[in-house]
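Trainee: sequence and computational prediction follow.
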Amino acid sequence: MAKASRRAEMVLLLASIALALLVAEGVTRLLSGGAASGYAPLRTGRRERQPINALGYRDLERVQPKPAGIRRLVCLGDSFTWGVGVLFDDAWPQRVERLLSRVRNERWEAVNLAEPGMNAVQQVSRLESEGFGYGPDAVALAWVMNDSEDEDAAEARRARDWAEEESREPAPVDRFAKHSALFRLVRTRLHATVENRRRITGYRSMYADGYAGWVQARRALSTMGGLCRAHGVPFVVVIFPLFANPLDEGYPFAELHAKVAQVAGEAGAKVVDLLPHYRTVDWRLLVVDGAADEHPNEIAHRIAAQAIARAMDEVVPRPSAPTPARK
């Protein structure tokens, strides 16, 4: 009798667990029907690559030497400055061009020499070989946290990740995950937690004093500052946060921002750390497509452009108003 009672209790317990899981599955499917990020992604398709000028940059054609009556800002950076995931007119260089032209009543051009994947060493080379040919009135470098990654290490990592992805066989759990929203949610959260911890450790290691990429990046910032001084051109370093993290007081890379700001300041740059400008905005409203694409969306580009335009107004004097003629 006691054994039958225990068996009935076990059956009831298992049935309760199964029912709870079914309810949780239904709720998960219902809630997952909405947008993942709270921001509707802009589906740019191939339009995000337009326009491409004759030199292969995502920019309009810019003539050399600089025509009379035009101010120029040379923009250096990687995919954040290229504007991956947003339309051309929404990327921060174009927004800054329009802002400066309007508020200063001058004609400005933002010459975009950025390219996805560039690091600090490549950026200083581009500034030296091409940037000054455009006769800039200022140079802006958009710094992203992976700009200090050692180039050899980056290539090795990309090759390793590709090989692992190609050789990975779908496990039975992958097939099960296709049919269970609850399982996918739990699995994704656990994976995200592990990956975020690894990501934090990885980025912090890129700014260790002896890390080759950071040594080269510090040298590159110093070189860019020296080149700008030699040409009599203000140098502005804009530090972007990594958007796949809450940007509140718990943001894990604030000390790395401070390291970059110190080195850039020592190089003579005007430093614009964008982290405080994003503090009051939910990070999920600032990315192109949730965790699927963590590049800044047009909202983030607009906020950045406003901060950068203010910095430009501080380092590039406005033309003096003409003195009225005496009668």
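Mentor: All right, it came through fine.
Trainee: next, give phi and psi for residue 271.
Mentor: The phi and psi values for residue 271, taken as degrees, to the nearest 10, are phi -100, psi 130.
Trainee: show me the contacts for it.
Mentor: Contact analysis of residue 271 by CB atoms under 8 Å, 6 or more residues apart in numbering lists 236-237, 239, 261, 264-265. Backbone N, C-alpha and C define where each C-beta goes, glycine included.
Trainee: contact partners for the residue nearest to it when sequence neighbours are not counted?
Mentor: Once flanking residues are discounted, residue 271 sits nearest to residue 261: 4.7 Å by CB to CB, 6 or more residues apart in numbering. Neighbour list for residue 261: 237, 239, 271, 273 [criterion: CB under 8 Å, 6+ apart].
Trainee: where does residue 261 sit: helix, strand or coil?
Mentor: In three-state terms, and counting by DSSP: H, G, I helix; E, B strand; the rest coil, residue 261 is helix.
Trainee: report pLDDT for it.
Mentor: What the model reports as pLDDT for residue 261 is 98.
Trainee: wait, residue 213 touches residue 150, no?
Mentor: Yes: contact criterion CB atoms under 8 Å: residue 213 and residue 150 qualify, at 3.5 Å.
Trainee: list residues touching both of those two?
Mentor: Shared contacts of residue 213 and residue 150 (CB under 8 Å, 6+ apart): residue 206.
Trainee: contact partners of stretch 100-117?
Mentor: 57-59, 62, 69-82, 84, 91, 93-94, 96-97, 122, 126-127, 130-131, 134, 136, 142, 309, 312-313, 318-319.
Trainee: now with 6 Å, please.
Mentor: The contact list for stretch 100-117, computed with CB atoms under 6 Å, 6 or more residues apart in numbering, reads 57, 59, 62, 70-79, 81-82, 93, 96-97, 126, 134, 309, 312, 318.
Trainee: what count of nearby residues applies to the spatially closest residue to residue 222 that is not a sequence neighbour?
Mentor: Sequence neighbours aside, residue 267 is the residue nearest to residue 222 in space, at 4.9 Å (criterion: CB to CB, 6+ apart). Under the neighbour criterion other CB atoms under 10 Å, residue 267 is assigned a count of 22.
Trainee: ditto for residue 216
Mentor: With other CB under 10 Å as criterion, residue 216 counts 18.
Trainee: which SSE is it in?
Mentor: If you go by DSSP states H and E, residue 216 is part of helix 212-230.
Trainee: please save the CA atoms from that helix in CSV.
Mentor: This file holds the C-alpha atoms of helix 212-230, laid out as CSV (Å, rounded to 0.1, in the frame of the first residue of the first chain):
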residue,chain,number,x,y,z
ALA,A,212,51.8,43.7,-27.9
GLY,A,213,48.6,45.1,-29.5
TRP,A,214,48.2,47.7,-26.7
VAL,A,215,51.9,48.6,-26.9
GLN,A,216,51.5,49.2,-30.7
ALA,A,217,48.2,51.1,-30.1
ARG,A,218,49.8,53.5,-27.6
ARG,A,219,52.6,54.1,-30.1
ALA,A,220,50.0,54.7,-32.9
LEU,A,221,48.1,57.2,-30.8
SER,A,222,51.3,59.1,-30.0
THR,A,223,52.3,59.1,-33.6
MET,A,224,48.9,60.4,-34.8
GLY,A,225,49.1,63.2,-32.2
GLY,A,226,52.5,64.1,-33.4
LEU,A,227,51.5,64.1,-37.1
CYS,A,228,48.5,66.3,-36.3
ARG,A,229,50.6,68.8,-34.4
ALA,A,230,53.1,68.9,-37.2
